[in-house]
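S.K.: Have a look; sequence and predicted model below, questions after that.
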Amino acid sequence: MKRERENELQQNSSSESSDGLFQLPAYYPLSKKFKAELRQLNPAKTIDSVIKETRSALMETLFEYIDNQAEQGLEQVSKGNIAAEEYEKTKKLKYKEDPVLLRGKRVLEKLNQTRRRQATYLAAFQKTRTEILDRHEPELSLEDLERYAHMKVVPSQVHDLYKDVLSSNVKESASVSEMLVKSEAMEIDKKLFVAINPTEPIPFNDQEDDDEIEIGGGKVNLTCPISRLIMKNPVKNKKCGHTYDKASLANYNSTDCPECGVTIQKSELVEDTLMKIRIACYERDQKLQEFHKTKADDDIDRL
Ligand SMILES: [Zn+2]
């Protein structure tokens, strides 16, 4: 039955010129209405924000876990159950050995991978959409039917176009995506490391230009080079890698970096996220140590 139908179609098209029957075009443009709808479509935006939210909620949970661990560790140190040096030594490897942190990291990496993959599909969709909307073709009408039926070069159908764009996008972005996922994994490691070891320099580093500024004793300086106080809102100068407190920079009566003399440009300043974590966690440790010290003193007084 199907075969017969095909024959019929073939006959129709071959006899088209002789008997004047028109041929249905192999390609016809999208209607104005559909193009308008296509312009409105915004897929994947919600998915992206859900992934981002989930990711930051998980990161918060890991930070809380680290705070908890610090609390327990410092209490043990203050009670004399663990030597302070021993505690410091175990802390340095915690970011890559603690089973809870490891599991959390794996989930974060999966989320980042999903986000990247999602971005590839979204980019392919957007590219396809642009290409289709850029086709300035008259809408299909009876008058234009003939024209479309005799097109020499038939543009790709939407689905084929999307498939082509997607496969080239996937090829193009696979290596970039892999690199990004890797550097995001490194970023997670860094955040966990500094939350556990607020004043320790990061023992692994991917970018040479991202070296942290160390002070004597191999510790990282948490004070502002302008105010000499512990920073509250650290901003990093991308040009030289030095970090200052936002507030002291506002009152600073020079445009030269106090550490190296390069001109400080507003466009080069970014929030120093790692430094922010360092400071918060350093203050956490200070408070905990203070708390346990007072408690120990009280206990001695009571004797
Ligand atoms: Zn500098």
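M.R.: Happy to help now that I have it. Numbers count the residues shown, from 1 in each chain.

S.K.: any chance you could map the helices in the stretch 101-250 of the chain?
M.R.: Using DSSP state H, counting those that start in this stretch, the helices of the stretch 101-250 of the chain run over 142-149, 158-196, 246-250.

S.K.: Quick one: closest of these to Ile230.
M.R.: Closest to Ile230 of the helices of the stretch 101-250 of the chain is helix 246-250 (C-beta to C-beta; 11.3 Å). All C-beta atoms are positioned from the backbone trio N, CA, C, and that covers glycine.

S.K.: How about the closest one and the ion, any contact?
M.R.: No. Applying C-beta under 5 Å from the ion, one finds helix 246-250 out of contact with the ion, separated by at least 12.1 Å.

S.K.: Tell me the gap between the next helix or strand after that helix and the middle of its chain.
M.R.: Once the chain leaves helix 246-250, the next helix or strand it forms, by DSSP states H and E, is strand 269-271. Taking the mean of its C-alpha atoms, strand 269-271 sits 17 Å from the chain's own mean (C-alpha atoms, centre = their mean, to the nearest Å).

S.K.: ditto for stretch 89-108
M.R.: That offset, for stretch 89-108, works out to 20 Å (C-alpha atoms, centre = their mean).

S.K.: what does the chain put close to the ion?
M.R.: 240, 242, 257, 259-260.

S.K.: what about 8 Å?
M.R.: Contact residues (C-beta under 8 Å from the ion) of the chain with the ion: 237, 239-242, 257-262, 264.

S.K.: Now for Thr223, how many residues are close by?
M.R.: By the criterion of other C-beta atoms under 10 Å, Thr223 has 14 neighbours.

S.K.: got the contact list for the nearest residue to it once chain neighbours are set aside?
M.R.: Spatial nearest neighbour of Thr223, excluding adjacent residues (C-beta to C-beta, 6 or more residues apart in numbering): Ile230 at 5.5 Å. By C-beta atoms under 8 Å, 6 or more residues apart in numbering, the contact set of Ile230 is 222-224, 279, 282-283.

S.K.: Same question for Tyr65.
M.R.: By C-beta under 8 Å, 6+ apart, Tyr65 lies in contact with 100-101, 104.

S.K.: And the residues you listed, which is closest to the ion?
M.R.: Of all these, Leu101 has the smallest distance to the ion: 33.1 Å, by C-beta to the ion.

S.K.: Within the helices and strands, which one has the closest residue to Pro198 other than its chain neighbours?
M.R.: The shortest distance from Pro198 to any non-neighbouring residue, by C-beta to C-beta, 6+ apart, is to Tyr282 (3.8 Å). In the assignment (DSSP H and E), Tyr282 maps to helix 273-302.

S.K.: do Glu71 as well
M.R.: helix 45-78.

S.K.: chain center to that helix: distance?
M.R.: Centroid separation between helix 45-78 and its chain, computed with C-alpha atoms, centre = their mean, is 17 Å.

S.K.: and if you look at stretch 71-87?
M.R.: Averaging C-alpha positions (C-alpha atoms, centre = their mean) puts stretch 71-87 36 Å from its chain's average.
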